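Colleague: Have a look at this fold, sequence not included:
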């Protein structure tokens, strides 16, 4: 017998979050519990409204998936078999709950189930949201514990924002344009970004513009990472040559199983791997963090941007991710 | 403390085995035991002489790898870190021994550690070696338990051999040319092979001939599977378009970890996956069989071709592979 429970949680942001395509003060995620033989596996969905998902559609999808589950021990086979198309956040919640369940049943952390070394974790960047230059400088000071910063760009204020960050710190900066630039804008900014000590640029152009991305990468002095251009492993082959790496997010790809496949495909194409997130509690962030030993860059700060995190899981020590040692995901309620 | 022991075993064949590049009556494989905290993980290397490996070089490589191991629980991270270039059979032995150890420590079969469903196993083909037509007919009758046959080709007798098999049975046949044909030979044979009820053709052309393979695939009415053209995941992207699928062998790729990555890369390119083997005991065959739920075709008959198999593991029921339920690989000494 498998029991399913879910509830929405309200995650409130410390700072209003501005992207090139809008602003938000918080978001609702779906928390999923899958119970089997007295053990509870936890999962979280952060539905992406940009791709027409919300908590209601995610809950429906989780319901449909769990009804079709038979043996939850087959977490990889089952998760692929019951997946609901167009609902990757719900898929991710079910996938992580089944892996949490498996780790708890066997009494080992998920990283050990996968044979990964928790001692080789990357640092995580900390995101500075779009804001007025003086507010940006204050946010940079607040983020002094993080050795790498990520700056959201794609507005008309790109130049003063980055200059404000650079005045406030000499730490490496990663830039995320969230599809916000045209080809000419991107081309004219890349050299300046390099001079400003930027380490890499995420998704400078709109997702569909593959030929332009190829040309931009050819001209770029900085590595260019695909985010909106890549959802699942099947997207990666056509990105080879157009990007230096990919940003994997559980909520885009549908869970840890697909993330593992994406890492394999990216590596086969000689591409770098970044692990990213949406605004998520420590539950989904920790699930992603179990994959961090396989990745070059981590951008797992979603749980650090919210006021009252309902869970405790992976922590950050001098910017480096630290995995919890408890069984499964190792996440507990706060 | 990690203790390593290894020994060679002599595997004698039921029938002299003829390939397009030679014949053999048996072979020596290396059996590896990695002991940690009182638990023994078993591995097997079938060194490939065609690629300049033998039991001595494999033993040296296993030695070097195990000396560099620290925590055997990190089976995936560790196996990649300590790998010795050019010794994939030794790598495979260490990789499978570490996964056997992990499964035994946690008390679950390897398929469960990977979350795979042991109820969705493919049938395995049974190989009919190159021989005189009358001997081939006898071998086909001996293989009556197998619903799919594999016929080795690439000699001057290709036509009478296949005709002898077809006279003896109407079961589907897979053909393995082992790089034995020229482009013109392959092209002229494919239509005839289809008429003869052949299901697919493995490696018709020499490994390097990618442009010819692309052309051949375009003209072929049958799926064409890469074997000698593919060793590891990094080989796969350039094969897309030139082959319909890949044959994964643990002894070519270096173990279960790399095999999982190859499956992910093949799927991302829309390619089929076959699981193959060398002449191996039930130990290495069973290790590969744990991956079979992820594959389209299995050709795991190496242990069925030998006289005295030193191990008991995966079995075959009406041609379908059946995984043992014991912890780890589930393999025990006979």
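Modeller: Received, thanks. Just so it is clear, the model here is predicted, and its values are computed rather than measured. Numbering: from 1, shown residues only, chains lettered A, B, ... in the order given.

Colleague: Only C-alpha atoms from now on, for both contacts and neighbour counts.
Modeller: Will do.

Colleague: Could you tell me which residues make contact with residue A:11?
Modeller: Residues in contact with residue A:11 (Cα atoms under 8 Å, 6 or more residues apart in numbering or on different chains) are A:26, A:27, A:28, A:29, A:279, A:280, A:281, A:306, A:307, A:308, A:309.

Colleague: What about the residue lying closest to the fourth one once chain neighbours are set aside, how many residues nearby?
Modeller: Counting by Cα to Cα, 6 or more residues apart in numbering or on different chains, residue A:46 is the residue found nearest to residue A:29 once chain neighbours are left out, at 4.8 Å. Neighbours of residue A:46 under the rule other Cα atoms under 10 Å in any protein chain shown: 29.

Colleague: For the stretch 101-250 of chain A, which residues are neighbours of chain B?
Modeller: Selection of the stretch 101-250 of chain A residues close to chain B by Cα under 8 Å from any Cα of the partner chain yields A:106, A:112, A:113, A:114, A:115, A:116, A:117, A:233, A:234, A:235, A:236, A:237.

Colleague: Give the residue spans of chain A that score low on pLDDT.
Modeller: A:18-21 (pLDDT under 70).

Colleague: Just the ones in strands from the residues of the stretch 101-250 of chain A next to chain B, please.
Modeller: Cross-referencing those against strands under DSSP state E gives no overlap.

Colleague: Rebuild those residues as a markdown table, extending it with distance to residue B:159 and neighbour count.
Modeller: Below are these laid out as a markdown table (distance: Cα to Cα, whole Å; neighbours: other Cα atoms under 10 Å in any protein chain shown):
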| residue | distance to residue B:159 | neighbour count |
| --- | --- | --- |
| A:106 | 54 | 17 |
| A:112 | 52 | 21 |
| A:113 | 50 | 25 |
| A:114 | 48 | 22 |
| A:115 | 48 | 23 |
| A:116 | 50 | 21 |
| A:117 | 53 | 22 |
| A:233 | 42 | 23 |
| A:234 | 40 | 20 |
| A:235 | 43 | 15 |
| A:236 | 42 | 24 |
| A:237 | 39 | 17 |
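
Colleague: Would you list the buried entries among the contacts of residue A:11?
Modeller: Among those, those that count as buried by neighbour count (16 or more other Cα atoms under 10 Å in any protein chain shown) are A:26, A:27, A:28, A:29, A:279, A:280, A:281, A:306, A:309.

Colleague: Specify the local secondary structure of the fourth one.
Modeller: Just to be clear, that refers to residue A:29. Following DSSP: H, G, I helix; E, B strand; the rest coil, residue A:29 is assigned to strand.

Colleague: Contact partners for it?
Modeller: A:8, A:9, A:10, A:11, A:44, A:45, A:46, A:47, A:55, A:280.

Colleague: One more: the second one?
Modeller: Contacts for residue A:27 (Cα under 8 Å, 6+ apart) come out as A:10, A:11, A:12, A:279.

Colleague: Top of the contacts of residue A:29 by number of neighbours, please.
Modeller: Most surrounded of the contacts of residue A:29: other Cα under 10 Å gives residue A:45, at 34 neighbours.

Colleague: where's that residue relative to chain B, distance?
Modeller: 21 Å (Cα to the nearest Cα, to the nearest Å).

Colleague: same question, residue A:147
Modeller: As judged by Cα to the nearest Cα, residue A:147 and chain B stand 25 Å apart.

Colleague: Hmm, that residue is touching residue A:171, no?
Modeller: Yes: between residue A:147 and residue A:171 there is a contact at 6.1 Å, judged by Cα atoms under 8 Å.

Colleague: which residues are common contacts for those two?
Modeller: Counting by Cα under 8 Å, 6+ apart, nothing touches both residue A:147 and residue A:171.

Colleague: ok so, going back, which two of the contacts of residue A:27 have the greatest separation?
Modeller: Using Cα to Cα, the contacts of residue A:27 reach their maximum pairwise distance at A:10 and A:279, which is 10.9 Å.

Colleague: Need the residues that contact stretch A:204-217.
Modeller: Identification of contacts with stretch A:204-217 by Cα under 8 Å, 6+ apart yields A:176-183, A:186-187, A:223-224, A:228-229, A:239, A:241-244.

Colleague: I figured residue A:268 was touching residue B:239, is that so?
Modeller: No: in this structure, residue A:268 is not within contact of residue B:239 by Cα under 8 Å, at 12.0 Å.

Colleague: Return every residue with contacts to both of these two.
Modeller: Listed as contacting both residue A:268 and residue B:239 by Cα under 8 Å, 6+ apart is no residue at all.

Colleague: OK, contacts around the residue nearest to residue A:29?
Modeller: By Cα under 8 Å, 6+ apart, residue A:46 lies in contact with A:28, A:29, A:30, A:55, A:89, A:251, A:278, A:279, A:280.

Colleague: State the distance from the last one to residue A:300.
Modeller: Spelled out, that is residue A:280. Remark: distance between residue A:280 and residue A:300 (Cα to Cα, to the nearest Å) = 9 Å.

Colleague: residue contacts, residue A:36?
Modeller: Residues near residue A:36 by Cα under 8 Å, 6+ apart: A:1, A:2, A:3, A:72, A:101.

Colleague: can you pick the most crowded of those?
Modeller: Neighbour counts for the contacts of residue A:36 peak at residue A:101, which has 29 neighbours (criterion: other Cα under 10 Å).

Colleague: That residue contacts residue A:43, correct?
Modeller: No: applying Cα under 8 Å, one finds residue A:101 not in contact with residue A:43, separated by 9.9 Å.

Colleague: all helices for the stretch 51-200 of chain A, in order.
Modeller: A:55-68, A:75-82, A:88-106, A:110-113, A:133-142, A:158-168, A:183-195 (DSSP state H, counting those that start in this stretch).

Colleague: now the last one, how far from the centre of its chain.
Modeller: Shown here is helix A:183-195, whose average C-alpha point lies 25 Å from the average C-alpha point of the whole chain (Cα atoms, centre = their mean, to the nearest Å).

Colleague: So what angle separates the directions of it and helix A:158-168?
Modeller: 10 degrees (axes from the mean of the first three to the mean of the last three Cα atoms, to 10 degrees).

Colleague: Need the contact partners of helix A:183-195.
Modeller: A:204, A:205, A:212, A:216, A:219, A:220, A:221, A:222.

Colleague: 7 Å - rerun?
Modeller: Contact partners of helix A:183-195, identified using Cα atoms under 7 Å, 6 or more residues apart in numbering or on different chains, comprise A:204, A:205, A:212, A:216, A:220, A:221, A:222.
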